[in-house]
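Asker: Output the structure for:
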Amino acid sequence: MAALNRIQKIASHLDPPKLFKFKVAVLGAAGGIGQPLSMLLKMSPYISELSLYDVANTPGVAADVSHMSTAARVKGYLGPDQLPAALAGCHLVIIPAGVPRKPGMTRDDLFNINAGIVRTLAEAVAAHCPTAWVAIISNPVNSTVPIAAEVLQRAGVLNPARLFGVTTLDVVRAEAFIAEIVGADPRDVSVPVVGGHAGITILPLLSQARPALPASMTAEQRKALMVRIQDAGTEVVQAKAGAGSATLSMAYAAARFADSCLRAMSGEGPVNEYAYVRSSAVPGLPYFSSPLRLGRGGVEEIFPLGAVDAMEQENFEAMKAELLGSIKKGEEFAARGPAAAK
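Answerer: Model (predicted):
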């Protein structure tokens, strides 16, 4: 309650013409990620209109969120016929739509269903808000971002600087886990997490963590920490015992990424982030989650990975084939088109 009051107090003193100006859409707003994400976004001082879309239950979610005493106006949209209105005039579109992981299900198992959903939503973005920033959460991100890119490119509206795979959850997990080890506040921890957003393709650069990991940690302990970060999604799926996947932590991570996007759009100087984007940063991998700088127009600079240790280099080499395979799978799915892909 105290945190909420602080946010409201800060928002009440901000200049409305400067900050309350962005329309943000959540596509999949009634789902396990979409609902808490919508709540967190309603608290943002940067959002003037929050557009909530889903194929079921959106009116109830919109009514619920709209009762929060923050400035953003909330509108709910239900079903494909209302999708154009949900997207019209949007500055940022966040896509958590899709089926969740279940026990025993890999991210690849999600592909056929979620790939079709992302393709359809990307087509709608291309038609109704082609200049919007698009942040994709729907798994498998390693494939769904290339699908969206192919759809937008085919429509002639692709701007790679404004299309993101949200990998922030990997970063916040690494921050939380390292904070436990070093006894720090997670907000004071910094650790790059690069690569992709599934299993071995998630590469936490533990050697660059600040504060540094204890010198007493053995190579085996560092490897175990890396594996925990990579498999953290499975840890949640198993802990929920069939009741769902990582929804609350993902909503937090997505809201944090959205805040970075909106701050950059507002011109609050360069904003440093991590995201899975199209780039030439890593030869042979056309998409890669990298440290980057956001500005008014989107990605302004993609930073190099910096020095890595032997364990990180080994993981980097091992992940290349899997990540490239996921990228090609997404591109091939998009190339087949809706009819052939059914």
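Asker: how far is the longest helix along the chain from where the chain is centred?
Answerer: Longest among the helix segments of the chain by residue count, using DSSP state H, is helix 310-341. Chain-centre distance of helix 310-341: 18 Å, with C-alpha atoms, centre = their mean, to the nearest Å.
Asker: Pull out the buried positions in it.
Answerer: 312, 315-316, 319-320, 322-324, 326-327, 329-331, 333-334 (16 or more other C-beta atoms under 10 Å). Bear in mind the C-beta positions are built from the backbone N, C-alpha and C, glycine included.
Asker: Show me the shaky parts of the chain.
Answerer: 1-20, 100-103, 105-108, 338-342 (pLDDT under 70).
Asker: Show me the helices in it, by range?
Answerer: Under DSSP H, the chain gives helices at 2-12, 16-19, 34-42, 58-66, 83-87, 111-128, 141-154, 168-182, 219-230, 232-240, 248-265, 310-341.
Asker: who does the fifth one touch, helix- and strand-wise?
Answerer: Helix 83-87 makes packing contacts with strand 22-27, strand 47-54, strand 73-78, helix 111-128 when contacts are defined by 3 or more C-beta pairs under 8 Å, 6 or more residues apart in numbering; DSSP states H and E.
Asker: 6 Å instead, please
Answerer: helix 111-128 (3 or more C-beta pairs under 6 Å, 6 or more residues apart in numbering; DSSP states H and E).
Asker: helices or strands next to the helix it packs on in the packing?
Answerer: Helix 111-128 packs on helix 83-87, helix 141-154, going by 3+ C-beta pairs under 6 Å, 6+ apart.
Asker: Show which residues not belonging to the shortest one make contact with it.
Answerer: Residues outside helix 83-87 that contact it (C-beta atoms under 6 Å, 6 or more residues apart in numbering) are Ala25, Ser51, Tyr53, Tyr77, Ala124, His128, Cys129.
Asker: can you list the helices and strands packed on helix 111-128 in JSON lines and add mean neighbour count?
Answerer: Output for the helices and strands packed on helix 111-128, formatted as JSON lines (neighbours: other C-beta atoms under 10 Å):
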{"stretch": "helix 83-87", "mean neighbour count": "20"}
{"stretch": "helix 141-154", "mean neighbour count": "25"}
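Asker: need those helices in CSV with distance to Ile202, can you?
Answerer: Shown next, in CSV, are those (distance: least, C-beta to C-beta, whole Å):
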stretch, distance to Ile202
helix 83-87, 31
helix 141-154, 10
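Asker: looking at those, which is closest to Glu273?
Answerer: helix 141-154 (15.0 Å; C-beta to C-beta).
Asker: Name the residues that touch that closest one?
Answerer: With C-beta under 6 Å, 6+ apart as the test, helix 141-154 has contacts from 115, 118-119, 122-123, 126, 136, 138, 158, 163, 165, 196-198, 276, 278, 287, 326-327, 329-331, 333-334.
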